[in-house]
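**Q** Provided below for reference: sequence and predicted model.
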Amino acid sequence: MPVIIVTGTDTGVGKTVATAAIAAVAVAEGRSVAVLKSAQTGLAEGVPGDAAEAARLSGAGTAVEVARFPEPLAPATAARRAGMPPVRPAKVAEAARRLSSRHDLVLVEGAGGLLVRFDDSGGQLADVARLLAAPVVLVAAAALGTLNATALTAEALSARGLDCLGVLIGSWPARPCLASRCNVTDLPAAAGAPLLGAIPEGSAALPPPVFRERSPRWLAPRLGGGWEAECFAASVGSVPEVNG
C-alpha cells in the first residue's frame with residue numbers, strides 16, 4: 001500500500017499520533033515514509049504542525065502540508081475567513097502521488113473527520129481517498145459515544161466504495177471506564193472492519209526513541225505491528241466471563 005489515508009471520527013481523537021505510530025513501524029522496517037497533512041488549521045506560519053509532529057515522533061524523513069490556515073476551523077471556513085485559496089482534493093491527491101514516486105509509503109492525514117469540507121464546492125478527504133484509490137484507517141475514540149460516530153463514518157466510506165482497513169483507537173486511557181473496555185469488542189462491529197490497535201494516552205509526550213520502540217506493540221499485524229485484538233480484549237476485561 002503506497003498510500004494510506006488516516007481519518008478520524010472527529011477532531012481530537014488522535015489522528016496525528018496514530019499517523020506517527022504507523023510511520024514509525026514502517027521506518028523501523030527500513031521503508032522511506034512521507035507524512036502529508038491535507039490541511040493544517042489553527043496555527044500561524046512557522047509553528048510546527050501535525051505533519052512535522054508525526055515525523056518528529058516517527059523518524060519519517062518527509063513532512064509536507066498542502067495548505068495552512070491560521071484559525072482553528074474547518075478548512076473551507078478557515079480559508080474563506082482568511083481570504084486564502086481553499087485546498088482542493090485534487091491538489092492533495094496530486095501531492096500524494098508526487099510523494100509516492102519517491103517514498104515507499106505516504107500517509108495522508110485528514111483535518112477533522114472524513115466529510116469535513118475542504119472547499120465551498122463540497123470537496124472532502126473522502127474525495128482524496130477516491131482519487132487515489134487508497135485504503136483508509138479510521139481513528140476512533142475509546143469512550144462512550146464512539147460507536148455511533150464510528151458507524152456513521154464507516155457507512156460513509158462504504159457508500160463511496162472506499163476501503164476501510166480497520167479502526168485504530170487513538171488514545172487508550174490508563175484507567176479505562178466500562179464503556180471503553182466494552183468498546184474494544186463493539187468497535188469492530190460498528191465499523192464492519194477489524195480493530196487495528198490501541199495507542200496509550202500520552203504517547204505523544206514520549207521521547208521519540210521510546211515512541212518508535214513501542215509503536216509495534218500498539219498496532220496490529222495489518223499495520224506492521226504485533227498487537228493482537230483478542231489478547232488486548234482479554235487483558236482489559238472487554239469480554240466478561242460466563243458463569244455457570
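**A** That came through, no problem. Keep in mind that this is a model prediction, so the values were computed, not measured.
**Q** Quick check: Leu206 touching Ser215?
**A** No. With the criterion set as Cβ atoms under 8 Å, Leu206 and Ser215 do not qualify as a contacting pair; they are 9.8 Å apart. C-betas here are computed from N, CA, C, even on glycine.
**Q** and these two? which has more neighbours close in?
**A** More neighbours surround Ser215 than the other of Leu206 and Ser215, with 29 against 16 (other Cβ atoms under 10 Å).
**Q** In contact with the more buried one, which residues?
**A** Residues in contact with Ser215 (Cβ atoms under 8 Å, 6 or more residues apart in numbering) are 20-21, 24-25, 28, 58, 225.
**Q** can you tell me which helix or strand it belongs to?
**A** Per DSSP states H and E, Ser215 falls inside helix 208-218.
**Q** mean confidence for that helix?
**A** Here helix 208-218 scores 98 as its mean pLDDT.
**Q** Once you drop chain neighbours, what's closest to Val64?
**A** The shortest distance from Val64 to any residue other than its chain neighbours is 5.0 Å, reached at Leu36 (Cβ to Cβ, 6 or more residues apart in numbering).
**Q** same thing with Pro85?
**A** Leaving aside its sequence neighbours, Pro85 is closest to Ala79 (6.7 Å, by Cβ to Cβ, 6+ apart).
**Q** show me what contacts Pro176?
**A** If a contact means Cβ under 8 Å, 6+ apart, then Pro176 has 142, 236 as its contacts.
**Q** what does Ala24 give?
**A** With contact taken as Cβ under 8 Å, 6+ apart, Ala24 is in contact with 57-60, 211-212, 215.
**Q** Do a quick rundown of the helices in the chain.
**A** Taking DSSP state H as the criterion, the chain contains helices spanning 15-28, 50-58, 75-82, 89-100, 125-132, 146-159, 178-191, 208-218, 229-235.
**Q** quick one: Leu138 from Gly42, how far?
**A** Going from Leu138 to Gly42 by Cβ to Cβ, to the nearest Å gives 22 Å.
**Q** So for those two, which sits in the more crowded spot?
**A** More neighbours sit around Leu138 than around the other of Leu138 and Gly42, counting by other Cβ under 10 Å; the figures are 29 against 15.
**Q** which residues does the more buried one form a beta bridge with?
**A** With DSSP bridges applied, the residues forming beta bridges to Leu138 are Thr7, Val167.
**Q** quick one on the thing from earlier: list the residues that contact the residue nearest to Val64.
**A** For Leu36, the residues meeting the contact criterion (Cβ under 8 Å, 6+ apart) are 51, 64-66, 92, 95-96, 99, 106-109.
**Q** again, 10 Å this time
**A** Leu36 sits next to 3, 5-6, 19, 51, 54, 62-66, 92, 95-96, 98-100, 103, 106-109, 128 when contact means Cβ atoms under 10 Å, 6 or more residues apart in numbering.
**Q** Quick check: phi and psi on Ser38?
**A** For Ser38, the backbone dihedrals are phi -60, psi -50 (criterion: degrees, to the nearest 10).
**Q** One more: the one 5 residues further on?
**A** In terms of degrees, to the nearest 10, the main-chain angles of Leu43 are phi -130, psi 140.
**Q** Let me know whether it touches Asp50 as I believe.
**A** Yes. The pair Leu43 / Asp50 is scored as a contact, 8.9 Å apart, by Cβ atoms under 10 Å.
**Q** Run a quick neighbour tally on Ala190.
**A** When neighbours are counted by other Cβ under 10 Å, Ala190 registers 21.
**Q** In terms of pLDDT, where does it sit?
**A** Per-residue confidence for Ala190 comes out at a pLDDT of 96.
**Q** list the contacts for it?
**A** For Ala190, the set of contacting residues under the criterion of Cβ under 10 Å, 6+ apart consists of 9, 140, 146-155, 167, 183.
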